[in-house]
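*Asks:* Sequence plus the predicted model coming up.
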2 protein chains.
Amino acid sequence: MELRKDPITMSWVIIEGPEENGITPDDCPLCPGNDSGLQSIYSSPYNHPNWQVRVVPHLHPVYRIEGDAMRCGEGLYDKMRNLGAHEIVVETPDHALPLSQQPPEKIAQVLQAYVSRIADLKKDRRFRYITVFRNQGQSAGQDLSHPHSEITATPFIPRRIGYELRSAQRYFDLKERCLICDIVKQEISQQVRTVDSTDQFVALCPFASRVPYETWVLPAYHHCHFEEDLTSPESQLRFARFLKTILQRLESVTPAYHLVLHSSPNTNAKFEQAGSWKTLSDDYHWHFEILPVIASKSKSYSLKEVYYNSLPPEDAAAELRSIAIPAAKISGAG
Amino acid sequence: MELRKDPITMSWVIIEGPEENGITPDDCPLCPGNDSGLQSIYSSPYNHPNWQVRVVPHLHPVYRIEGDAMRCGEGLYDKMRNLGAHEIVVETPDHALPLSQQPPEKIAQVLQAYVSRIADLKKDRRFRYITVFRNQGQSAGQDLSHPHSEITATPFIPRRIGYELRSAQRYFDLKERCLICDIVKQEISQQVRTVDSTDQFVALCPFASRVPYETWVLPAYHHCHFEEDLTSPESQLRFARFLKTILQRLESVTPAYHLVLHSSPNTNAKFEQAGSWKTLSDDYHWHFEILPVIASKSKSYSLKEVYYNSLPPEDAAAELRSIAIPAAKISGAG
């Protein structure tokens, strides 16, 4: 595999060679008992045979951690090796227990695994960005049924993050305020696209939602680095409790979604990328974006290039708000 | 429907209201005999009952042509009406004759319809960009089985076009040469990603192909405006002949694809958009992008945000080159 840069849009594309193919094991490779061959990158409790959360290398990694990026040209084109990290966060030893059904204390342990891995990977100056994401459901591309998240570290900043960073910076230059703080403030005062909120956190369907029920979960206060913000067990537990109810609401309208953490890039990274944005941080605001995968008619070109959404976010938020989440479903397991 | 601007990525999103729903007629509404209720925007021969190519308003338009965009704010957000044009190019009266099976003379008539409609729509200063595209096959979102293309005119420049324009401009600023001219020159000299070429035109699988068999068809010479370039019947026929063979090659590996014309924006448009790019033209290079829709496993988030392509373009181009196209299939019908 190698990474190639589109000279026109500046996107990096992963090109797979024909010799590489994934295999599908019969048994779940992530369940305790089957997973003894996997190296533990992280586990909680630490190094305990009865781990609750565990991070292992991805079985079919898109990125490889060894060596250098070896950026080079090919005529006027740019390419580099598929350098990076690709890890799996095994969210529970229980094959059948979805994240949203775990008690908040366990979800907080998953958040701590994210925090720890991001902080560790950011020490590697070869990596410009760490992505944490979950594919829930087959139609969202979940390839292993055991509940898990994925973490990638890449020598480039993904496109959408780059656009967000650039816009946040331009807004900050103009207003001397954080764009996402202003969005949160307006949404909380209007209360039409908010799904839920506490003193500290808010969930909302964004004004220009790309898909029905798109939902963002974010701190109401300003902070750019997820892994420097949610460091205390108390803050992790508070966010876990909030996130759990949002996932439960969403899962009552869609079985499949992508959940993606957006946070500041690695400010320690070597500035080796000929990208079109600087490494920014303080004018950004970390958040989770949840993108439901709704079964729908195939997308025509017109709908691909210009996002087309059949459900206004005001209606989506109202529907998500109206779903009753019994208190027992929040605090306990299930 | 209205258009909303994502304040972060600056993309425009079409939001559909809940009251609007498409209907599916039982009979093909585009076939001669059923189409008498449709207003003719263009026909060839002109106003002839036995038309060969006809342009009609889209039956379920995403954009509406009346009135003004009425750009306005909603707090810190931006929105406007779904102003624009949405037309269908009926490529043949024959319901069962795909574009690639038509004789080059007929394909040239379709190209002339594109030229004529783009030139006409660019007279409307409300429109910043005219998109011409074809969705071939159900999995590419083709909703009417009668062979047709679509044309949209929008008060904004679509994202990908904007990124291309910006990169082309930056490259021109640096090199005083057209980026796409340089790409064409390098590809023709290397001959590894080219599918076919003539003195005037080239088809190639781009270096950072987003999907297997992605193919671009473009002039080997520099020209930014499609509708000012392919104006003579001779040039239309030459390009039709070339395009036909490329479509036939592609259709032997994939039944479904998007074909999209990329050309310079409307330089006559009112500069009413608060976009992040200027209206550019001379440093751009018109081309068709063909994006096959290959049935594959569902896309996980990691593959969505960073393009992931399982087939190197060198292999794709070699395969497409090796497909024999009998001369009879090119010049005649079928």
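*Replies:* Looks like it arrived, so ask away.

*Asks:* Contacts (any at all) between chain B and the strand or helix carrying A:Glu150?
*Replies:* According to DSSP states H and E, A:Glu150 maps onto strand A:148-154. Yes. Strand A:148-154 comes into contact with chain B (C-beta under 8 Å from any C-beta of the partner chain), by way of A:150, A:152, A:154. The C-beta positions use only the backbone N, C-alpha and C, and glycine is treated the same way.

*Asks:* Out of those residues, who's the most crowded?
*Replies:* Counting neighbours by other C-beta atoms under 10 Å in any protein chain shown, A:Thr154 comes out on top of the residues of strand A:148-154 next to chain B with 27 neighbours.

*Asks:* which ones are touching the nearest residue to that one once chain neighbours are set aside?
*Replies:* Closest residue to A:Thr154 apart from its sequence neighbours, by C-beta to C-beta, 6 or more residues apart in numbering or on different chains: A:Gly84 at 4.6 Å. By C-beta atoms under 8 Å, 6 or more residues apart in numbering or on different chains, the residues touching A:Gly84 are A:62-65, A:127, A:152-155.

*Asks:* mind redoing it with 10 Å?
*Replies:* Contacts here follow C-beta atoms under 10 Å, 6 or more residues apart in numbering or on different chains; on that basis A:Gly84 touches A:3, A:14, A:61-65, A:69, A:121, A:124, A:126-131, A:152-156.

*Asks:* between the residues of strand A:148-154 next to chain B, which is closest to A:Ile294?
*Replies:* A:Ile294 lies nearest to A:Glu150 out of the residues of strand A:148-154 next to chain B, by C-beta to C-beta, at 21.8 Å.

*Asks:* Looks like the closest one contacts A:Ile130 (just checking).
*Replies:* No. A:Glu150 is beyond contact range of A:Ile130, at 11.2 Å (criterion: C-beta atoms under 10 Å).

*Asks:* what do the two both touch?
*Replies:* Joint contacts of A:Glu150 and A:Ile130 (C-beta under 10 Å, 6+ apart) are A:Glu87.

*Asks:* my guess is A:Arg64 meets A:Arg126, correct?
*Replies:* No. A:Arg64 lies out of contact with A:Arg126 (C-beta under 10 Å); the separation is 11.7 Å.

*Asks:* List the contacts of stretch A:65-76.
*Replies:* Outside stretch A:65-76, the residues touching it (C-beta under 10 Å, 6+ apart) are A:2-5, A:7, A:57, A:78-87, A:121, A:124, A:126-127, A:153-156, A:270, A:272-274, B:171, B:175, B:177, B:179, B:182-183, B:185-187, B:189-190, B:207.

*Asks:* count of neighbours near the residue in the stretch 101-250 of chain A that chain B sits nearest to?
*Replies:* As assessed by C-beta to the nearest C-beta, chain B sits closest to A:Gly141 within the stretch 101-250 of chain A, at 2.9 Å. Number of residues near A:Gly141 (other C-beta under 10 Å) recorded here: 19.

*Asks:* now A:Ile161
*Replies:* 22.

*Asks:* correct me, but it touches A:His287?
*Replies:* No. In this structure, A:Ile161 is not within contact of A:His287 by C-beta under 10 Å, at 11.4 Å.

*Asks:* what touches both of these two?
*Replies:* A:260, A:262-263.

*Asks:* which residues of chain A fall in helices?
*Replies:* Taking DSSP state H, the helices of chain A run over residues A:104-122, A:159-175, A:179-190, A:226-229, A:233-251, A:301-305, A:313-322, A:327-331.

*Asks:* among those, which is nearest A:Ala203?
*Replies:* Using C-beta to C-beta, those put helix A:233-251 closest to A:Ala203, at 4.7 Å.

*Asks:* Render the CA-only coordinates of that closest one in CSV, please.
*Replies:* Once non-C-alpha atoms are left out, helix A:233-251 reads as follows in CSV (Å, rounded to 0.1, in the frame of the first residue of the first chain):
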residue,chain,number,x,y,z
PRO,A,233,-12.2,10.0,36.0
GLU,A,234,-15.0,12.4,37.0
SER,A,235,-15.0,14.3,33.7
GLN,A,236,-14.9,11.0,31.8
LEU,A,237,-17.8,9.6,33.8
ARG,A,238,-19.9,12.8,33.2
PHE,A,239,-19.2,12.7,29.5
ALA,A,240,-19.8,8.9,29.3
ARG,A,241,-23.2,9.3,31.0
PHE,A,242,-24.2,12.0,28.5
LEU,A,243,-22.8,10.2,25.4
LYS,A,244,-24.7,7.0,26.4
THR,A,245,-28.1,8.7,26.3
ILE,A,246,-27.4,10.2,22.9
LEU,A,247,-26.3,6.9,21.5
GLN,A,248,-29.5,5.3,22.9
ARG,A,249,-31.6,8.0,21.3
LEU,A,250,-29.9,7.5,17.9
GLU,A,251,-30.0,3.7,18.1
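
*Asks:* pLDDT score for the spatially most central residue of chain A?
*Replies:* Chain A has A:Val260 as the residue nearest its centroid, 2.1 Å off, counting by C-alpha atoms, centre = their mean. Looking at A:Val260, its pLDDT is 95.

*Asks:* Bridging across strands, which residues link to it?
*Replies:* A:Val260 has these beta-bridge partners by DSSP bridges: A:Phe133, A:Glu289.

*Asks:* can I assume it is in contact with A:Phe133?
*Replies:* Yes. Here A:Val260 reaches A:Phe133: they are 4.4 Å apart, a contact under C-beta under 10 Å.

*Asks:* How many residues are close by the closest residue to A:Ser100 other than its chain neighbours?
*Replies:* Leaving out its chain neighbours, the residue that sits closest to A:Ser100 by C-beta to C-beta, 6+ apart is A:Leu247, at 3.8 Å. Residues lying near A:Leu247 (other C-beta under 10 Å) number 23.

*Asks:* Surely A:Leu247 touches A:Val110?
*Replies:* No. Counting by C-beta under 10 Å, A:Leu247 sits too far from A:Val110 to count as a contact (11.8 Å).

*Asks:* any common contacting residues for these two?
*Replies:* Contact with both A:Leu247 and A:Val110 is made by residues A:99, A:134, according to C-beta under 10 Å, 6+ apart.

*Asks:* what about the strands in the stretch 1-150 of chain A?
*Replies:* Here the stretch 1-150 of chain A has its strands, by DSSP state E, counting those that start in this stretch, at A:2-5, A:12-15, A:42-44, A:53-57, A:72-74, A:77-81, A:85-90, A:129-136, A:148-154.

*Asks:* With mean pLDDT as extra columns, can I get the ones you listed in JSON lines?
*Replies:* Below are those laid out as JSON lines (pLDDT from 0 to 100):
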{"stretch": "strand A:2-5", "mean pLDDT": "76"}
{"stretch": "strand A:12-15", "mean pLDDT": "70"}
{"stretch": "strand A:42-44", "mean pLDDT": "94"}
{"stretch": "strand A:53-57", "mean pLDDT": "96"}
{"stretch": "strand A:72-74", "mean pLDDT": "85"}
{"stretch": "strand A:77-81", "mean pLDDT": "86"}
{"stretch": "strand A:85-90", "mean pLDDT": "96"}
{"stretch": "strand A:129-136", "mean pLDDT": "94"}
{"stretch": "strand A:148-154", "mean pLDDT": "95"}
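
*Asks:* returning to that earlier point: out of the shared contacts of A:Ile161 and A:His287, the closest to chain B would be?
*Replies:* For these, the closest approach to chain B (C-beta to the nearest C-beta) belongs to A:Val260, at 5.8 Å.

*Asks:* worst-scoring helix or strand of chain A, pLDDT-wise?
*Replies:* helix A:301-305 (a mean of 59; mean pLDDT, DSSP states H and E).
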